[in-house]
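Asks: Predicted model and sequence below, questions to follow.
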Amino acid sequence: MALSDCRSFSLTHPLRLEIQVLCLPLQVMYCSSECRQAAADQYHRALCLGPSHEDPDHPLNKLKDAWRSMHYPPESSSITLMARMVALVKQANDKGRWQKLFSQFCSRTANEEEEIAHKLLGEKFKGQLALLQGFFSAALYEDHLSQWFTPGGFRSLFSLVGTNGQGIGTSSLSQWVHACDALQLPAQQREQLDSFIDQLYKDIEKETGDFLNCEGSGLFLLQSSCNHSCIPNAEAAFPDNNFLLHLSALSDVQPGEEICISYLDCCQRDRSRHSRHKTLRENYLFVCSCARCTSQADEADVTSEEEEEDEAEGEAEGDEMEDEMTDV
């Protein structure tokens, strides 16, 4: 089972502009009439605002605007994914089937859910979460999912998406960078190109944060069952430039061997054991005991000088962003 919210309408047919179609009057672009019909049959009728698509007072628009103002960098795919989960149940003939599927994603204790909400929404998360819950209920309330609209149930849903949500990345910029890496260039030109690319990524990251290579967010049942390892034997990717996730082996996987992916990006995996554990504790609430972490257990629990500088810089930028963000 896969459920996704993609921001880019051209993911499925990136080069076939002649078959892309609109859902009027919402102005949602679909890759084909078949794709539009499939969306309408599954969830879109419950989310289509019709003539109210530009009404700032509509509960769904209020929900999206509130989430953008609370979350940096501003995005709407996470909260829209939650809305789509409700919409699927609303339109489904077999509502129990979808409820059972969603229940298969990992659940958290109340304390863990609160920590995840705190991490995503900051110091004032309780008030922010209550505001989001109000907009969510006003826009989407469904009797069959009444438990999701209580304070505790909404926090659980929030935690489910926050923990299991998979960024859907098909960045054309990444493809361009890979093509640049394959170029045969004189040393000086290579150095200039690499310097330009490094600076480009730094400039973009100031605006996008972790969403540099992410056009949307999705829930993928099998992928979410994979545990983490700092030396993963598989990775999740979107090689077809659409929302279909491919889980590919990075090494030979023996019969009975657990398939593990990394919850950390390449740069984070290259850091010390202490830094990796700090990131995993803050974002996923567990301590990694993979083979690599176990082998490095005797290392001192200190970060490198470079990591400490990066963390100090990140905290300073975070403070600046918090000052700039609107208090909803």
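Replies: Nice, thanks for sending it over.
Asks: which strands and helices sit next to whichever strand or helix holds D203?
Replies: Secondary structure from DSSP states H and E places D203 in helix 187-208. On a contact count with 3 or more CB pairs under 8 Å, 6 or more residues apart in numbering; DSSP states H and E, helix 187-208 meets helix 172-181. From N, CA and C alone the C-beta is placed, and that goes for glycine too.
Asks: residue at max distance from the center of this protein?
Replies: Seen from the C-alpha centroid of the chain, the residue lying at the greatest distance (CA atoms, centre = their mean) is P186, 38.8 Å away.
Asks: ok, C290 - how many residues close by?
Replies: Burial of C290 is recorded as 17 neighbouring residues (other CB atoms under 10 Å).
Asks: Which pLDDT does the model give the nearest residue to it once chain neighbours are set aside?
Replies: Distances taken as CB to CB, 6 or more residues apart in numbering place S229 nearest to C290, at 4.2 Å, with adjacent residues excluded. S229 carries a pLDDT score of 96 in this model.
Asks: How much space separates S229 from Q254?
Replies: Look at S229 and Q254: by CB to CB, to the nearest Å, they are 15 Å apart.
Asks: Looking at the two, which is more packed in?
Replies: Neighbour count, other CB under 10 Å: between S229 and Q254, S229 has more, with 22 against 7.
Asks: you'd agree the more buried one is up against E257?
Replies: No - at 11.1 Å, S229 does not count as touching E257 under the criterion of CB atoms under 8 Å.
Asks: Quickly note the distance from the residue nearest the centre of the chain to S156.
Replies: Nearest to the mean C-alpha position of the chain, by CA atoms, centre = their mean, lies G167 at 3.7 Å. As for G167, its distance to S156 is 21 Å (criterion: CB to CB).
Asks: in the stretch 101-250 of the chain, which spans are helices?
Replies: Along the stretch 101-250 of the chain, counting by DSSP state H, counting those that start in this stretch, helices occupy 110-121, 125-140, 151-164, 172-181, 187-208, 221-224.
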